[in-house]
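S.K.: Pasted the sequence and its predicted model underneath.
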Amino acid sequence: MKQIRYTPAIPLLICLLAFRGTLPAAPEPSVSLEKRPTTPTLSINLNAPTKPIGPLFSGLMTEEINHSYDGGLYAELIRNRAFLDHPQKSEGWSLIVPSGADAVMEITDRVPLTDKLPRSLEVRIASASDAAPVQIANSGFWGIPVNPDTTYKVSFYAKGNNPWEGKPGGAAPFYRAPLVVSIQSLDGKQVHASATTPALTGEWKKIELTLKTGKDVVPSKDNRFVISAEAPGTVHLSLVSLFPPTYKNRPNGNRTDLMEKLAALRPGFLRFPGGNFLEGNNLSDRYDWKQTRGPLEFRPGHNGCWNYRSSDGLGLLEFMEWCEDLGMEPVLAVYAGYSLRGQHLPPGPLLEPFVQDALDEIEYLTGDPLSTHWGALRAKDGHPEPFPLQYVEIGNEDWFDHSKSYDGRYTQFHDAIKARYPRLKLIATTRVTSRQPDVTDEHFYQPTDWFVKEFGHYDRTPRNGPKILVGEWAATDIPTGGKEREKRTHPTPTLREALGDSSWMCAMERNADLVIMQCYAPLLCNENPGALQWKPDLIGYDVLSSYGSPSWHAQQLFNSHRGDEVLQVNASGIDAAAPLPFSVTRDKAKGLIHVKIVNTGTSERMVRVDLGPDTRVERDAELTILSSQDPAQCNSLEHPDAVIPVTESLSDASPDYSLTLKPNSLTILTLRLK
């Protein structure tokens with residue numbers, strides 16, 4: 001995802017050329033729109049050939065943007081835990097020196113923990129006591145969350161034998177006392193939990209503790225993590241970590257409430273490491289998977305492309321465990337020799353090391369632990385069993401490479417991967433001619449009206465080319481780039497944008513034989529000032545709580561009312577000036593028909609759903625509606641349920657049934673066949 005590319009006013013012709021190239025003559029749409037009768041009617045043919053909906057149809061796409069990983073999904077609460085976020089400043093850290101104490105601190109590379117973590121925090125304490133302790137505080141990612149009756153896991157490295165020399169006042173003594181670790185309110189008046197370490201020694205020692213809050217603690221985010229020293233001396237700290245309980249209690253795991261919201265979407269796949277995070281601004285900032293594996297002590301992290309550094313605590317193995325936890329298949333993107341600021345490697349010898357790197361990565365994920373080098377290292381990292389892998393994407397958004405080298409770069413990756421792993425399906429990120437990719441990746445960021453008008457977009461797409469992954473899409477009624485974006489007051493979609501998203505989901509779902517995978521983007525956003533780079537985003541949060549947007553609710557409804565095949569529909573009586581995007585699917589095993597209809601208009605609409613005279617349905621049915629009188633309505637941290645779906649039971653269902661669609665609504669009618 002890039003700021004440069006998302007201009008919702010792009011004409012349709014340019015958009016089609018950018019994403020699909022020049023299309024040949026299109027087949028007739030599968031849906032006919034007649035002028036009469038005036039009452040819109042969806043005539044559903046239960047006996048006509050259907051289109052299959054695969055289990056991977058709907059998935060997730062994330063990248064490190066809006067603090068989606070550090071400060072978001074990745075549950076670590078300490079910001080700048082390895083003191084690498086800035087070359088001089090101790091971002092996230094402060095020194096609290098009370099009256100009666102004397103101390104200074106600095107980040108230094110004189111006492112490295114490992115060669116990958118070369119900096120440590122040095123605190124030189126001239127005087128301190130039990131009554132006047134020196135406190136080293138971390139503010140977290142805009143706060144440290146506190147909840148009642150909660151156990152937090154603390155770990156850090158500390159040593160106390162590096163005296164302060166060559167400064168006025170001479171050398172500080174060796175520090176041999178314990179440290180006190182706590183979570184406390186910002187003013188220090190409330191200590192929510194605390195524990196004491198063993199006495200420090202002259203060597204780096206890993207300290208592990210637990211902090212337990214009481215049952216009467218009031219949930220809050222205005223807190224800090226504090227390490228207190230009560231004696232003079234010099235203390236060094238490195239890799240300071242604080243974890244709350246994680247999803248499924250995974251060590252180094254993910255934040256529970258966000259994982260639960262992702263699980264509710266019933267995703268079939270995860271496209272990762274995601275977007276620009278794969279490419280980096282420069283070659284040196286690319287996602288280098290080999291630097292993200294193994295113990296945290298040996299993960300240096302790297303500069304992201306959205307003006308902050310990634311710890312890479314959420315590394316390649318953690319991505320795969322995320323897939324395991326939500327029952328998703330991985331869609332692995334590999335770096336293909338192009339970075340955002342235009343650096344690229346031409347096909348040939350210079351690109352070959354990166355082709356080999358991709359082969360190594362695939363072997364790491366899928367290789368036998370006994371007979372392959374990288375499979376053995378995966379087992380050493382804690383996961384002996386190979387992971388399933390069907391799809392590999394070569395690069396990301398390579399239509400931005402003005403050198404036009406992608407065709408050759410794709411070919412080099414394609415030939416090498418297919419030679420060793422012929423069963424893998426490869427995804428191209430833009431049009432190529434030298435090889436036929438299995439899948440092409442298309443991205444769409446457009447206004448609601450565009451998505452409504454393009455309801456038949458994939459009806460017109462020929463079936464003789466590659467399958468399609470719509471790897472990024474979102475309705476954006478306010479432009480996503482430049483100064484226009486600043487006019488947006490809320491970071492997640494409005495109801496109107498959710499209806500644009502619903503229209504596009506209808507368009508993709510009705511063509512699930514061609515669009516075999518699709519995923520919204522961006523997925524996550526930390527709403528604090530300084531954390532946001534992009535709007536809108538599907539799920540909003542701060543350090544304490546989170547909520548799903550109207551678009552999140554729409555996607556949850558689509559994914560829980562899908563089934564396994566698309567039914568043929570003849571639509572009549574729909575005025576082209578007032579379209580009603582729709583999709584009708586069937587769950588064969590359960591005998592359910594799901595009818596989804598989007599009304600972006602400001603008035604009620606009547607629609608007739610006709611299953612044919614020979615069809616029998618149960619009288620009991622279900623009607624679910626996502627709507628609001630105000631199409632600009634949003635959800636928020638303060639009002640997470642302002643726009644939510646409402647489900648009601650029907651007792652008068654029939655094979656010829658009339659619905660009244662509310663204004664500004666997504667309506668889903670579920671009928672059960674007899």
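M.R.: Nice, I can see it.
S.K.: can you give me the strands in the stretch 1-150 of the chain?
M.R.: 41-45, 51-52, 60-61, 93-96, 102-108, 120-127, 134-138 (DSSP state E, counting those that start in this stretch).
S.K.: Just the pLDDT at residue 480, thanks.
M.R.: With respect to pLDDT, residue 480 has a value of 71.
S.K.: Next one: it from residue 473, what distance?
M.R.: Residue 480 is 12 Å from residue 473, where distance means CB to CB, to the nearest Å. Heads up, the C-betas are built off the backbone N, CA and C, glycines and all.
S.K.: Which secondary structure element is home to residue 153?
M.R.: Secondary structure assigned from DSSP states H and E places residue 153 in strand 151-159.
S.K.: Convert that strand to PDB, retaining C-alpha atoms only.
M.R.: C-alpha atoms of strand 151-159 as PDB (Å, rounded to 0.1, in the frame of the first residue of the first chain):
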ATOM      1  CA  THR A 151      -0.900 -11.700  35.300                       C
ATOM      2  CA  TYR A 152       1.800  -9.900  33.300                       C
ATOM      3  CA  LYS A 153       5.000 -11.500  32.300                       C
ATOM      4  CA  VAL A 154       8.200  -9.400  32.700                       C
ATOM      5  CA  SER A 155      11.600 -10.200  31.300                       C
ATOM      6  CA  PHE A 156      14.800  -8.200  30.800                       C
ATOM      7  CA  TYR A 157      18.500  -8.400  30.900                       C
ATOM      8  CA  ALA A 158      20.400  -6.500  33.500                       C
ATOM      9  CA  LYS A 159      24.000  -6.200  34.800                       C
END
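S.K.: Show me what it is packed up against.
M.R.: For strand 151-159, the packing partners by 3 or more CB pairs under 8 Å, 6 or more residues apart in numbering; DSSP states H and E come out as strand 179-185, strand 205-212, strand 233-243.
S.K.: Reformat those strands as CSV; add mean pLDDT and mean neighbour count.
M.R.: Formatted as CSV, these follow (pLDDT from 0 to 100; neighbours: other CB atoms under 10 Å):
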stretch, mean pLDDT, mean neighbour count
strand 179-185, 98, 21
strand 205-212, 98, 15
strand 233-243, 97, 23
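S.K.: For those, give me JSON lines that also has distance to residue 254.
M.R.: What follows is these, written out as JSON lines (distance: least, CB to CB, whole Å):
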{"stretch": "strand 179-185", "distance to residue 254": "20"}
{"stretch": "strand 205-212", "distance to residue 254": "19"}
{"stretch": "strand 233-243", "distance to residue 254": "10"}
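S.K.: closest one to residue 370 among the ones you listed?
M.R.: Closest of the helices and strands packed on strand 151-159 to residue 370 is strand 205-212, at 31.2 Å (criterion: CB to CB).
S.K.: re earlier: need the overlap of contacts for residue 480 and residue 473.
M.R.: Shared contacts of residue 480 and residue 473, defined by CB atoms under 8 Å, 6 or more residues apart in numbering, comprise residue 445.
S.K.: need the helices for the stretch 201-350 of the chain, in chain order.
M.R.: Ranges of helices within the stretch 201-350 of the chain are 256-263, 275-279, 316-326, based on DSSP state H, counting those that start in this stretch.
S.K.: do the stretch 451-600 of the chain as well
M.R.: Using DSSP H, counting those that start in this stretch, the helices of the stretch 451-600 of the chain run over residues 495-509, 550-560.
S.K.: contacting residues for residue 290?
M.R.: Contacts of residue 290 by CB under 8 Å, 6+ apart are 357, 360.
S.K.: repeat for residue 402
M.R.: Taking CB under 8 Å, 6+ apart, we find residue 402 in contact with residue 342.
S.K.: Perfect, that will be all.
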